[in-house]
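J.: Fold the following, please.
(chains A and B)
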There are 2 protein chains.
Amino acid sequence: DMDRLIVPSPLPATETMATTRVRPQVSIRGRSVGPIASSNAVGEEVPEFEPFMLLPRGPPPLTDYLDVWDVNMLKEPEEVNKQQHHTDRYANEGLIVRRGQEFQISITFNRPHDPSKDQFALEFVIGATPQYSKGTYIPVFPSEERNKLWGGRVLDTSDNVLTMGILPRADCIVGKYGMYVAVVTPYGIRRTKKDPSRELYILFNPWVKDDSVYLEDGAERTECVLNELGIIYHGAYDDVSERSWNYGQFEFGILDACLFIMDKGALPITNRGDPVKIARKASAMINSKDDEGVLVGNWSGDYMYGVAPTSWTGSVEILLSYANGGDPVCYAQCWVYAAVFNTFLRCLGIPARVVTNFFSAHDNDGNLKTDILLDENGKVDRSRTRDSIWNYHCWNECYMARLDLPEGFGGWQVVDATPQETSDGMYRCGPASVYAIKHGMVCYPFDAPFVFAEVNSDVVFYQRSRDGTLTPVKVNTSHVGRLVLTKAPGSNGRSDITSMYKFPEGSAEERTVLEKAEEYGVRRQDVTPPVADVALDIPSLEVKVGAGFDLALDFRNSSGQRRTVEAYTNGYVVYYTGVPSAEILFQSPTVTLDPRRKVIKVRPEDYMGKLVEQANLHFITTGKVKETGQIVTAMRVITLHKPRLLVQVAGTPRVSEEMLVTVQFTNDFKFSLENVHVRVEGPGVMSPHNKLYRLIAPGTTISWTESFIPRRQGPSKLMASLDCHALRQVTGEVDVHIEP
Amino acid sequence: DMDRLIVPSPLPATETMATTRVRPQVSIRGRSVGPIASSNAVGEEVPEFEPFMLLPRGPPPLTDYLDVWDVNMLKEPEEVNKQQHHTDRYANEGLIVRRGQEFQISITFNRPHDPSKDQFALEFVIGATPQYSKGTYIPVFPSEERNKLWGGRVLDTSDNVLTMGILPRADCIVGKYGMYVAVVTPYGIRRTKKDPSRELYILFNPWVKDDSVYLEDGAERTECVLNELGIIYHGAYDDVSERSWNYGQFEFGILDACLFIMDKGALPITNRGDPVKIARKASAMINSKDDEGVLVGNWSGDYMYGVAPTSWTGSVEILLSYANGGDPVCYAQCWVYAAVFNTFLRCLGIPARVVTNFFSAHDNDGNLKTDILLDENGKVDRSRTRDSIWNYHCWNECYMARLDLPEGFGGWQVVDATPQETSDGMYRCGPASVYAIKHGMVCYPFDAPFVFAEVNSDVVFYQRSRDGTLTPVKVNTSHVGRLVLTKAPGSNGRSDITSMYKFPEGSAEERTVLEKAEEYGVRRQDVTPPVADVALDIPSLEVKVGAGFDLALDFRNSSGQRRTVEAYTNGYVVYYTGVPSAEILFQSPTVTLDPRRKVIKVRPEDYMGKLVEQANLHFITTGKVKETGQIVTAMRVITLHKPRLLVQVAGTPRVSEEMLVTVQFTNDFKFSLENVHVRVEGPGVMSPHNKLYRLIAPGTTISWTESFIPRRQGPSKLMASLDCHALRQVTGEVDVHIEP
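T.: Now for the predicted structure:
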């Protein structure tokens, strides 16, 4: 009668969680038999002794029946369990194993165990009101034939010590379990006391075929589950910048923080074996909208009440501060959402990576159009152009089978925690099958049309005619979704995964896919613009912040006749969301072709002082060909390059030996920097530190030295960032290799 | 340059709406160019005069150019527009038309319009920051070839008066538009003043093929769009009870309340042409969870702080009280959610109906099992049986093409506003294609696996064996989803639509479908119970509340040998959710077969005083056959029949003539009723009234007379309800036919 031993306990915590926003408070009485367990924190109640029949008052009489003296979870990093389950790097006292793979527990009895007469079981329990039939109460017996849920067998017995092998199902619930040893006596069942040191975490297991997150490619698996060191790409597709990030999924407290996030989101315990449900819930919980989730978004440039998104160097600080009370952390922009989401997924054992999509269409609810309005002369009309294309957008891919979809849509799935205004009315997105997006099968959940639009939207140029209607005069089908990048497994190189999202530009497949997507309600603009014999291009440039540069307009006249273009060039300082902050330049040269090239000079004083965080300049040239009325357009984003921080380490790189790190920066600008925040941290070697400099005068150098004690051997990095209102996202790093 | 005339205006309302839950407040600056218009209430800003060039200060010089003297929206109920568009019954001053169908507007100029020189346009505008390319700013011209969005033509001109026909696109945005007449003069464009009397509502149009909510069947269309009188089924599948409901979608203020709900949910204006997006958003907004929606759920039996769910007789009171301030209304249970949702859908022109599923599996997140635990003797163990099957559950079906899915999944779609604990982690559900559910294609959005489980779950009886594991001993595959009913179109009869959800029990198709669904991750219990030669049935009964009755246990012994059954019969008072409130009976007869029948006497005193709202009794008999060990089970729900209210009318049933309604009730019980709420209302004839009786002593009769003045001709009903803690859901009604 072992499962009688679990006495259902009412669950005030969950109950209020489910009804917090409802006033007046409403009870679940009459609504359901028991609350639906949706917290891993609320512990199960287990009696120590469960009589078979009525007994005289007082404790049960002492007997010589089997008695449990000690239980050894074999949970040290160097012991068999954490070694075989790839969990030895977690800074966590408890046993951590992966499902679908056997682990071991040793039990010391008062005397050798006699299979012929001694009856006992290991009981694994998760959440309140555990039930055998829901997989939240699992008894495991030493004799194989009696195990109906998880495998169990005796691996070894030496006098009083018995070592058991336990094989959790490959689809079992992921989270923190309680463990008990229950022994049958004639009077009833005696059970070990509740003991936190005997709790264990069971995680997803990308190493075993039966787990729906199984990832065959070993290099990708190692990168996307075990690597704490990340590189996130930003800038422009033809001038890519890199940002290092400390995912820190193994750092102290992070695993518990991930469980806390699922509890805060009230994800039913019984759903926590399904990576699709977990990833979907997390995409809602990583942002604070709707549900008081982890990160508050802020793109305004004013970060007075929190940390500037550009200032973070890793996920650890963010997750720990959230787990400590559950108040949303300020502030995030897309790469911060993606990076913290990545930590969450890798920590639970779901293979995940951060990807960057250059020129990402946004808030477009599956409408494949971004509109730019031109006046009658072909000049951009900013006041009426309301759409923006993000210079880049970061989201996550996680790897899993999609048992909820037909064959073939498993593998990498897009999830995105950045709150979008229009994704299915909720601030969450995905998982959406990357394969489905590439093939236009946007009819499968979740939010595929939305992701499809982010990589496939057209840029449509409209001209306003005198009678008030708009006529599309040009469509740029290759601008959006120009390049999708992620860090290459096992190296610091880039891997271009654009082809996983799209067929080659102009290919037959590409057209088919767009038509297919339209069948599923993705709307597009069909435009047949007038034949064009004049082309315009603005070559890319690499420019240091503070430098002047020449912007070239390259016209190509394929008509063989004379062509005259009245061209308009606007320059703007833009946020990385493409939203203009200030106009810095306007010229309207009339160019008679050829000459082929017209050069426009941009001086530092044109843009310095107007820059916003990531210092992007956006130039757009449009014009009308006098002779033909053709509209020519070209756009160019220039990401100004920032100075770097100099990061150096001193001391012997050995575990538990003190070392020093020095961060240096020289202000080469003509203006002084105020309220400068400097941060430094390194996974496994140094927890996040930061320092504030009230003023860094022009020409002066600051140098900050901190000591740290490496916790773990192997390769790592120290990453530093410098951030102030006038100059954001200045970073630097140094590699270290820690010896045992 | 007509669309230049629309000056974008900042949108504080929307902005705060988008960030209310985020502390500290975050602006959208830098995030997007302009806020995404998601309110129909925030009006557009339009200048009266827009100069083509700089002018001397002061008003523009008077000229003899075309001038607008008057605009006639032809919006009276008896006029052409409301007649042809089936909108004449809305108690609303404004013009109400349906998309995809031409309507008319007459303009009186200062002189006859001369097409050769006079240039003008009608402009239709919805939401803030309207854009031509987003379909939120639509200029309509008198000359057909210049209309690129909506059709426009001159229907008639008689001297100064010009009547125009306007044809909105069949997929245009649904909601409230502003209308302006803009005339081109050499100096610039002159436009009519903003004038609320010229606003118009554009609704969905089930009468035209091009609209995605087109419904061919005329009888169903009339029923599901135009009928305000509803019948909602409850009780037990073999003893169905009826409840009349006043949907009141045409009552004063209801249409505006529906737009308010979409605004409160911040549904982007550009999404409001899509019935799928609107229905999905509404399924979240009709309940108060997550989003401060319309109705607060309460199943506890304690309704001190609001109106008991059983007390409502219609949707009008609820929607008006919500629209007046936006505070959630207390309280609702499933049929209230479904009824108010139905009003919302019909009011906007989306064909909709309320359906009742008898024996509905709940909160089961796509796991097709409901577990009942038996102890070793075959007796039900309530303390460990945590699942419940709702005696019935109400949801909505709405009719629409599913352009987001492959061919064939359009038609009726399930939407459900009753908050479920486990539906995709959000308190909303659907639209899910009924066709997809019948065929097990649960891979298509939205929430199909969840609805599939509600009608297809198995009831699994487990027996606990000595060693603590559970063995399934019986599976009842026909109990859940036993019957799905909705009101028959054009009559007060019932229409059994079970076959739209399921293939016949035991058919080959049924098995195929269940396998198909399992492919998409819907988990089931495969059980091969021991061969059974003893069957048990409890025949249904119709019982008046307060009466005693005989409960029969019919055993059938097909073995030809002697069989002895140790049977256990438990009786409970249960909520309609199947959750037990109190045990009222327990007997454990040992029956030797045959006799075939064993009778158990139930006396009034067994259950009276323990009843909860809907007075359901639940009997479950289980037992073990001595000779074979077979487990036999049977379940029976008995809904006690309530006394009726006597409702009578007096006076001449003519529009605008006063009449009287009398509601009578006699307390035949042996106990007195306290704090009794009586309600009465009738669509088009009487707004909701209610009266409180502090005490109705045993044997006494109350009689309440109110006067009312019918607003509208045609058939209607007066519906009354009586509700108090000891006796809920007593109703009565009378038909009236109002003459012109």
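
J.: contacts, neighbours, all on C-alpha from now
T.: Noted.

J.: what about the strands in the stretch 251-400 of chain A?
T.: Secondary structure of the stretch 251-400 of chain A (DSSP state E, counting those that start in this stretch): strands at A:295-297, A:329-332, A:352-361, A:369-374, A:389-400.

J.: Report the helix or strand with the lowest average pLDDT across chain A.
T.: Of all the helices and strands that make up chain A, helix A:12-19 has the lowest average by mean pLDDT, DSSP states H and E, namely a mean of 35.

J.: Now do stretch A:169-189: distance from first to last residue.
T.: 26 Å (CA to CA, to the nearest Å).

J.: now that stretch, how far from the centre of its chain.
T.: Put simply, stretch A:169-189 sits 34 Å off its chain's centre (CA atoms, centre = their mean, to the nearest Å).

J.: Just the pLDDT at the closest residue to A:Tyr572 other than its chain neighbours, thanks.
T.: Nearest residue to A:Tyr572 in three dimensions, chain neighbours excluded: A:Glu583, at 4.4 Å (CA to CA, 6 or more residues apart in numbering or on different chains). pLDDT recorded at A:Glu583 is 84.

J.: And the one 10 residues further on, by the same measure?
T.: Turning to A:Leu593, the model gives it a pLDDT of 77.

J.: Nearest residue to it in space, ignoring adjacent ones along the chain?
T.: Closest residue to A:Leu593 apart from its sequence neighbours, by CA to CA, 6+ apart: A:Arg563 at 5.4 Å.

J.: got the contact list for A:Val125?
T.: Residues in contact with A:Val125 (CA atoms under 8 Å, 6 or more residues apart in numbering or on different chains) are A:Glu44, A:Thr136, A:Tyr137, A:Ile138, A:Tyr177, A:Gly178, A:Met179.

J.: Farthest-apart pair in those residues, please.
T.: Spanning the widest gap among the contacts of A:Val125 are A:Glu44 and A:Ile138, at 13.1 Å by CA to CA.

J.: Comparing these two, which shows the higher neighbour count?
T.: Taking neighbours as other CA atoms under 10 Å in any protein chain shown, A:Glu44 and A:Ile138 compare with A:Ile138 leading, 27 against 20.

J.: So what pairs up with the more buried one in the strands?
T.: Beta-bridge pairing for A:Ile138 (DSSP bridges): A:Phe124.

J.: how near is A:Ser707 to A:Gly651?
T.: With distances taken as CA to CA, A:Ser707 is found 10 Å from A:Gly651.

J.: Now that A:Tyr399 has come up, it's in contact with A:Ile350, right?
T.: Yes. Judged on CA atoms under 8 Å, A:Tyr399 makes contact with A:Ile350 at a distance of 6.8 Å.

J.: so what sits against both of these two?
T.: With contacts defined as CA under 8 Å, 6+ apart, the residues shared by A:Tyr399 and A:Ile350 are A:Val213.

J.: secondary structure class for A:Phe555?
T.: Under DSSP: H, G, I helix; E, B strand; the rest coil, the three-state class of A:Phe555 is strand.

J.: Which residue comes closest to it once chain neighbours are left out?
T.: Using CA to CA, 6+ apart and skipping the chain neighbours, the partner closest in space to A:Phe555 is A:Leu536 (4.5 Å).

J.: so what strands line up beside the host helix or strand of that neighbour?
T.: Using DSSP states H and E, A:Leu536 maps to strand A:534-537. Paired strands of strand A:534-537, with direction, are strand A:549-557 (antiparallel) (DSSP bridges).

J.: Rounded mean pLDDT for the strand it pairs with, please.
T.: 89.

J.: repeat for stretch A:568-576
T.: In this model, stretch A:568-576 has a mean pLDDT of 86.

J.: Residues in contact with that stretch: which ones?
T.: For stretch A:568-576, using CA under 8 Å, 6+ apart, the contacting residues are A:378-379, A:390-392, A:580-589, A:607, A:610-623, B:30.

J.: go on, stretch A:67-83?
T.: The contact list for stretch A:67-83 (CA under 8 Å, 6+ apart) reads A:87-89, A:93-97, A:103-111, A:181, A:183, A:192, A:198.

J.: residues of it that come out buried?
T.: Within stretch A:67-83, the residues scored as buried using 16 or more other CA atoms under 10 Å in any protein chain shown are A:Asp67, A:Val68, A:Val71, A:Met73, A:Leu74, A:Lys75, A:Glu76, A:Pro77, A:Asn81, A:Lys82.

J.: Could I get the full set of helices for chain A?
T.: Secondary structure of chain A (DSSP state H): helices located at A:12-19, A:80-84, A:218-221, A:254-264, A:275-285, A:316-323, A:334-348, A:434-438, A:448-456, A:498-501, A:508-519, A:604-607.

J.: Just the strands from the stretch 401-550 of chain A, written as ranges.
T.: Using DSSP E, counting those that start in this stretch, strands in the stretch 401-550 of chain A cover A:411-416, A:429-433, A:458-464, A:470-476, A:483-487, A:494-496, A:534-537, A:549-557.

J.: would TSV of these with mean neighbour count and distance to A:Val685 be doable?
T.: Shown next, in TSV, are these (neighbours: other CA atoms under 10 Å in any protein chain shown; distance: least, CA to CA, whole Å):
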stretch	mean neighbour count	distance to A:Val685
strand A:411-416	26	30
strand A:429-433	29	34
strand A:458-464	24	46
strand A:470-476	19	48
strand A:483-487	23	22
strand A:494-496	15	25
strand A:534-537	18	48
strand A:549-557	17	42
